[in-house]
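Trainee: A predicted structure for the sequence below; I have some questions about it.
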Amino acid sequence: MTNLLEIKNLSVVISEDKRVLVNDVSFEIKPGEAVGVVGESGSGKTLSALSILGLLARGLKIESGEIRFKGADLLKSSAEDLRSIRGKEIAMIYQDPMTALNPVMKIGEQLQEVLDSHQHQITDQKTHILNGLAAVGIADPNRAFDSYPHEFSGGMRQRVMIAMSLLLSPELLIADEPTTALDVTIQRQILALVAKERKRRNMSMLWITHDLGVVANLVDRVIVMYAGRVVETGTVDEIFKAPKHPYTAGLLASLPAAGRDRERLESIPGVPPKPWQVLNTCAFAPRCKEARDICSSHRPELTSNESSSVACFFPLGVKQ
Amino acid sequence: MSLSINNVTKRYRIRARKSVVNALNGITLSVEKGRTLGIVGESGCGKSTLARLIVGLEPPTEGSLLWSGSPLGQGVKNTFRSRHSKTQLVFQDPYSSLNPRQTIGACIAEVLKTHKLRGDAEISARVIELLAVVGIAADMQTRFPHQLSGGQRQRVAIARALAAEPELLVLDEPVSALDVSVRADVMNLLVDLKNKFNLTYIFISHDLSMVRHISDEIAVMYLGRIVEYGTWDEVLNNPKHPYTKALIESIPEHTNVRGIDFENVLEGEVPDPANLPQGCAFHQRCPLAVESCKLKVPELLNATKSHLVACPEVLK
Amino acid sequence: MKTSTGRRDWVHYYFKSTSGVIGLFLVLVMVILSIVSALNLAPIDPLEQNPIDALQGPSGTYWFGTDQFGRDIFSRSIDGMSRSLSVALLSVGLAAVVGVFLGVVGGFFGGWLDNLVVRASDVIFAFPAILLALAIVNSLGNSWIDTSIAIAIVYTPIFIRVARGPVLTVKEMDYVKSVRVLGFSTPRILIRHVMPNVLAPIVVQIALSLSWAILTESGLSFLGLGTQPPDASLGLMVSEAQALASFAWWTLAFPSLFITVVVVGLNLVGDGLRDALDPARRSSG
């Protein structure tokens, strides 16, 4: 099966001083596949996703790499081509729907605008929009059509965002922590909605989050990032049941969970480094129980083994 | 010694909307010295309002809050400013809870000086001692907050609260804003400090797994009321109230891959606190609701000796 | 990650901006000239009339030429600058002290006091600055202190507004709440924890208001209020030069140039300070 999206050796730097934020990241998404990218703040997970749509903030730039969508390198595409891909073939939902929706425009107009800007050949646009709103669980689509974003709760606004992103039936949905700001019961509603729509449309998805629980319940495959690098990839079962990278394993062990001992948490000492401080070593070495000399002098490359890959000289559960 | 919260109500008048928000409705709770009470609930449930009342940032509209018999809430301004409070608060966001223009050493020293907790000669030694207690090296004391990581700032905020020699510490989402890999460290520190200084904790969080980890007792709040209260084991392993059940089922657990149930999802949203429905505030979303739930606010009743539930349907 | 202490940071940052340095240079030149004049070190007495030398162009003796009474325009210009700067400093000083106090106290405590402060400043805001200053000078008198008070009244509401806004934000910050929980006294919270965090916009406002105050003072003098003849004032000199400018350009050009230089200088300083004191702009570098 060919890949829908392929990121190869992507590096993102601060333009001014060339400090590296995303360091040589590669991963791919197959058609219909849901991939989760997990990492802490500063791990480069959001920047990697924003790079795909060419939405990096000013002051940041892609230093090197390829981003292939259906074979074509998006980094070499014209602004016009990129614009037609955005929204139509790749859509994105954000953490804060309040800032992602225009506060002075009615919901209906904003959805209409999405259709207009892509000259979509849909004859009855209003019906298409109302159906879209109904599909994301908005009880009264007609009223929602004529409402402003502030008239909705956070959960409802996120539903509107999802409706908007699905309007043109994209092949890939990129989600940047869209449920982080929501209450848990509302988060579950949104996760259920996304899971259902994804299945129905056989859509690919890239879900970015720091919440391991969400990833364990929503995606097929997981990419773990740390300090600007991919440190481990694998199916959701591999990552959560038999993690190979000491960072992944440490993180999973550090979190309290049902049925777990309440005595003491297995903490990871220290704090994550900045990506530019650890370009040529294992970024996790200073905090790692398994670390040896080589870890602080050489950089472990991501090596694949069937469905999984790990960037570690001494991966867990592998005979040395 | 204990904290007792007696029938506390807090209402806010919102002038612009000409409405009244009932943030807390008749909360009664007690926490024994040395215990940890976990308070869980979603936004608008009143957990942060309760935290502010306990530390005396605001007085209650009705009811009283007592710490070992002396009032914390009413008329708090006078008693509270003349002698420092035995209750302190640790905020969620360590990025905004420290004055950006004060070094961390100065911010702790200021507490000691203001309340004359140490003589001038002993202050610097005490600052170093407090920083050591939370695991911050002495040479960091000349740094400004923006030079520290989130976890370090939260440790400083904890050290500052400890400088006031509190007996009760209110922890309002103390690890939610921190990076996942440093949360365990701060949680372990909190447990150590509690044992070391014989503290009493109120641990407020939306994160059920953290509450489960640290609490002796748990209170579940929904729209300004306690809907379930009991030992952590009773509340989390044998939840009675339909809201508590839904809350627990909604947590995506990383130890339970693909375990979350996306079919039977609790629908609906939390009603507007300014416009509460009649009767049980949960009845519009509740799978068990019957006609009587729309009429009368259910009381917290005993399911077992230590387990209270505000739902007559599950107690039948 | 920044490792500097944050306090002297902004000075360093300020001097990295070319326009800020130019502004500071212009302002310093004017301040030094004013001091020279105030110490009676001007080359020629600004009030001395030499009818024989009336309306001479710039020369080695009269650097900026002379006016219709043969008075030295350079000496009169720096004398006028000294008077303008005195008025500006006194008026902005008064406005800043009163305005910041009312703004901080009103914003922090809220309630009827805050309402009163906001309403009163709205009323003052409703008048065009120069008209209000005119009316006040008219009822107070023409001394430089009266002029300063008039300008101070006009600019106080700006300082109320500039101080009050950030105080409303800062008082809701967790670090202010946490020191309240720690039982610190209100004056201490205001002085140690609120004020330092609202200072930046106030400093910027002081620089900008100084330039406006100089313009207002010149405007008042131009209109015949404020400084009275024979004392020199830049505004008065411009006013008197109107009739002469067609055949003695220097009578108008040099006083106008002085006003322009100091106003531009103060504005550049204000802009430089705004950039230097804003941590968000700094940290992006």
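Mentor: Received the coordinates, thanks. Numbers count the residues shown, from 1 in each chain, chains lettered A, B, ... in the order given.

Trainee: strands of the chain, residue ranges please.
Mentor: Let's take chain A. If DSSP state E is used as the criterion, the strands of chain A fall at A:5-14, A:20-29, A:34-38, A:60-69, A:72-73, A:90-93, A:172-176, A:204-209, A:221-226, A:229-235, A:303-305, A:308-310.

Trainee: to clarify, I was referring to chain B.
Mentor: Using DSSP E, strands in chain B cover B:2-14, B:19-32, B:36-40, B:62-67, B:70-71, B:87-90, B:168-172, B:200-205, B:217-222, B:225-231, B:301-304, B:307-309.

Trainee: by mean pLDDT, show me the worst of those.
Mentor: Of all those, mean pLDDT reaches its minimum on strand B:70-71 (a mean of 80).

Trainee: mind listing the strands that one pairs with, and their directions?
Mentor: strand B:62-67 (antiparallel) (DSSP bridges).

Trainee: excluding its backbone neighbours, what's nearest residue 241?
Mentor: By default, I'm working from chain A. Spatial nearest neighbour of residue A:241, chain neighbours left out: residue B:257 (6.9 Å); criterion: Cβ to Cβ, 6 or more residues apart in numbering or on different chains. Where you see a C-beta, it was placed from the backbone N, CA and C, and this is true even at glycine.

Trainee: nope, chain B
Mentor: Residue B:241 sits nearest to residue B:228 (Cβ to Cβ, 6+ apart), 4.3 Å away.

Trainee: got it, and residue B:126?
Mentor: residue B:118 (4.9 Å).

Trainee: now that neighbour: how far from residue B:109?
Mentor: 9 Å (Cβ to Cβ, to the nearest Å).

Trainee: these two: which has the busier surroundings?
Mentor: residue B:109 (21 against 18; other Cβ atoms under 10 Å in any protein chain shown).

Trainee: from what I see, that one and residue B:128 are in contact.
Mentor: No. With contacts defined as Cβ atoms under 8 Å, residue B:109 does not count as touching residue B:128, sitting 10.4 Å away.

Trainee: what does the residue nearest to residue A:241 show for phi and psi?
Mentor: When read as degrees, to the nearest 10, the backbone of residue B:257 gives phi -60, psi 130.

Trainee: who's in contact with it?
Mentor: Residue B:257 makes contact with A:216, A:217, A:236, A:237, A:240, A:241, according to Cβ atoms under 8 Å, 6 or more residues apart in numbering or on different chains.

Trainee: and the furthest pair within those?
Mentor: Greatest spatial distance among those (Cβ to Cβ): A:217 and A:241, at 13.9 Å.

Trainee: elements contacting the strand or helix carrying residue C:259?
Mentor: In this assignment (DSSP states H and E), residue C:259 forms part of helix C:249-277. Contact partners of helix C:249-277 among helices and strands, from 3 or more Cβ pairs under 8 Å, 6 or more residues apart in numbering or on different chains; DSSP states H and E: helix C:9-14, helix C:18-38, helix C:73-109, helix C:199-222, helix C:234-241, helix C:279-283.

Trainee: which stretch in those helices is the model least sure about?
Mentor: Of all the helices and strands packed on helix C:249-277, helix C:279-283 has the smallest average pLDDT, which comes to a mean of 53.

Trainee: show me what contacts residue B:41?
Mentor: Residue B:41 sits next to B:47, B:206, B:220, B:221, B:222 when contact means Cβ under 8 Å, 6+ apart.

Trainee: which of the contacts of residue B:257 count as buried?
Mentor: Neighbour-count burial (16 or more other Cβ atoms under 10 Å in any protein chain shown) is assigned, among these, to A:216, A:217, A:236, A:240.

Trainee: residues near the residue nearest to residue B:302 when sequence neighbours are not counted, how many?
Mentor: Among residues not flanking residue B:302 along the chain, residue B:308 sits closest, at 5.9 Å (Cβ to Cβ, 6+ apart). Using other Cβ under 10 Å, residue B:308 has 22 neighbouring residues.

Trainee: would you confirm that residue B:308 contacts residue B:299?
Mentor: No. Checked against Cβ under 8 Å, the pair residue B:308 and residue B:299 is beyond contact range at 9.2 Å.

Trainee: for residue A:295, see how far away the residue nearest the centre of chain C is.
Mentor: The residue lying closest to the centre of chain C (Cα atoms, centre = their mean) is residue C:210, at 0.8 Å. Residue C:210 sits 60 Å away from residue A:295, going by Cβ to Cβ.

Trainee: please apply the same query to residue C:204.
Mentor: Distance of residue C:204 to residue A:295, computed by Cβ to Cβ: 50 Å.
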